[in-house]
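Visitor: Could you work out the structure for the sequence below:
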Amino acid sequence: MPSKTVAGCAQEMYDVAMIDMPPTLQTQRLTLRPFCVEDGPDVRRLAGDKRVYETTLNIPYPYPEGAAEEWIATHLGDWLKHRSLHLAMVISDSQELIGAIGLMAEPDHCRAELGYWV
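Guide: Numbering: from 1, shown residues only. A predicted model of the protein is given here:
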């Protein structure tokens, strides 16, 4: 079987991601949904926890004021450019934000990296 070209692999990733808005995934207990700017204070509080900082590579400590809103503002553009998908982890019943999960695309290698914090 011939190997895929980078262009062919990238086209497959593009075809799959031809959805304007990021998806929402829901189970009885957990919902993964796009972040909204109103999540900013909760993101800052949760991501600003030193225990989260110690287990991640890209979260600053202390977490700067306004950084969560700036980060959230990048999500739709990155989704539309097929660079990444970031979703809020929330408890389905209460809608309490408990963390984040994301896929960062590496189309040149036909791969994506999964990252999360809770």
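Visitor: Give me the longest strand you can find in this protein.
Guide: For the chain, the strand that runs over the most residues, judged by DSSP state E, is strand 97-106.
Visitor: got the buried residues for it?
Guide: Of the residues in strand 97-106, those buried by neighbour count under the rule 16 or more other Cβ atoms under 10 Å are 97, 99, 100, 101, 102, 105. Just so you know, the C-beta spots here come from the backbone N, C-alpha and C atoms, and that holds for glycine as well.
Visitor: pull the CA atoms of it into CSV?
Guide: As requested, C-alpha coordinates have been extracted for strand 97-106 and formatted as CSV (Å, rounded to 0.1, in the frame of the first residue of the first chain):
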residue,chain,number,x,y,z
LEU,A,97,-15.9,24.3,35.1
ILE,A,98,-13.3,21.7,36.3
GLY,A,99,-10.6,21.7,33.7
ALA,A,100,-9.6,21.9,30.1
ILE,A,101,-8.7,19.4,27.3
GLY,A,102,-7.2,20.2,24.0
LEU,A,103,-5.9,18.7,20.7
MET,A,104,-2.9,20.5,19.1
ALA,A,105,-2.6,19.5,15.4
GLU,A,106,0.7,18.5,13.8
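Visitor: Helices of the protein, residue ranges please.
Guide: Taking DSSP state H to define them, one finds helices in the chain at 6-16, 40-47, 50-53, 67-73, 75-80.
Visitor: lowest-confidence stretch among the ones you listed?
Guide: Per-segment confidence across these bottoms out at helix 6-16, which has a mean of 50 in mean pLDDT.
Visitor: on that earlier part again, mind giving me the packing neighbours of the longest strand of the chain?
Guide: Packing partners of strand 97-106 (3 or more Cβ pairs under 8 Å, 6 or more residues apart in numbering; DSSP states H and E): helix 40-47, strand 84-91, strand 111-117.
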